[in-house]
Structures are given as structure tokens and as C-alpha cells.
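Student: One predicted model, sequence on top.
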Amino acid sequence: MNQKLLIAIVGHPSTGKDTAAYYLVKKYHWDHVSMSDLLREYISEHHLYVGEPNRDLLHRTGDMLREKHGGDYLVKLALTKVKAPAVFSGLRTIKEVQKLKKEGGTIIAVTCPIELCYARALERKGDKDHISFEKFKAQLESQAANPESTKMNVEGVLAMTDYTIENTGTIQELYAKVDEVVNKISNHFA
């Protein structure tokens, strides 16, 4: 597989982005950076929260860092932490996607209905996932579209993707779809 291969997996929360990314790490031994993990590191290093930060704090911290350093800051930081081939998960701004595409990256969307996303979030039982369906839906809507380049715009990001995977089946079906897309991408690099 080509050593310059960079893939970002994007989508709304709990669609299976990180599951797909971890599969690529396990199967292909790629490097991986999650934008949420970068935010958790920042929050921990700056003692902004004790324990697992909730989604609201992750969102506010991401917005603050993008406002301070530019809309593509998290991707720039992520690129310093990996070597290709690599997978990035959780890009949420137009500038982040533009930066990764400028570096030769390919963008894959993972999508599923909101009710399924919420059920998966509850199954994870993470601190950030103990919220009502109404709050979960409001969080998705708050990051769905924003004209400011430093703010989350998941719908705008989804419009920029090169491939889309509908994740409504089993985990094995997700893995098969990921393999299919990676094979298509790899053929372009061959």
C-alpha cells in the first residue's frame, strides 16, 4: 500500500467513525489520530476537567482552539503526530477537510440514522454519552452547519467526501464496506 495514503473518516457522532478507523489500524497497521483524542489531551494537559470530558466541553475546546489557531488547526496538529499511511477520525470543519485534501487525503463519510447513532452512544456507556435523545439531537444539530470556518459544520464536511459508507448493519458489514472503499482508494495510488 502506498506510503502517502491519508484517509479521514467523518460523520456525525456515533456513526461508527472510530470503529472504522480502529479497524484500519488493526488490519493495515496504519497510524491513527482522533480529533476527539487531541481535544481530550489538551483538556487534560490544561486541567480543564477531571475525568472524561463531556461532548459540550470537547466542542467548546475545539471551537476555542480553531478560533485561536485557525479552522484547520487540529488537522495540522494531527499531521505532526502520524506518518502515512494514516487514518484520521472526527474532522468537523470545512478547513480541516480542505487541509487534509491539500495533503493528498481522501475523505470517507460514515453515516446512519440518528436513532441508531443514539442507541450506539448509549451502548458505549461513556460519560459523554449519558444524555437524553433530545440533547443528543440538539448537539448534532448544533454542529451540523455553521458558516464560520472555525466552527463545526458536519453537513458541509459530508458534502466534501469522496466515499460514503452507510453503517446500519453489523460490525462485520461495516468492516467489509471499509475494505471495499480502501481497495478502491488503493487502486488509485497503485
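Tutor: That came in fine, so what should we check first? Residues are numbered from 1 along each chain as shown.
Student: C-alpha from now on. contacts and neighbour counts both.
Tutor: OK.
Student: And the residue nearest the centre of the chain?
Tutor: Per CA atoms, centre = their mean, the C-alpha nearest to the average position across the chain is that of Gly90, at 1.4 Å.
Student: My read is that that residue contacts Ser36, right?
Tutor: Yes. At 6.8 Å, Gly90 counts as touching Ser36 under the criterion of CA atoms under 8 Å.
Student: Please enumerate the strands of this structure.
Tutor: With DSSP state E as the criterion, the chain has strands at 6-10, 31-34, 86-89, 106-111, 163-166.
Student: Tell me the strands beside the fourth one, with direction?
Tutor: Same thing as strand 106-111. strand 6-10 (parallel), strand 163-166 (parallel) (DSSP bridges).
Student: same thing with the third one?
Tutor: Using DSSP bridges, strand 86-89 pairs in its sheet with strand 6-10 (parallel), strand 31-34 (parallel).
Student: among those strands, which is nearest Gln172?
Tutor: Proximity to Gln172, assessed across those by CA to CA, is greatest for strand 6-10 (17.4 Å).
Student: Show me what the closest one is in contact with.
Tutor: Identification of contacts with strand 6-10 by CA atoms under 8 Å, 6 or more residues apart in numbering yields 17-18, 20-21, 84-92, 100, 104-110, 157-158.
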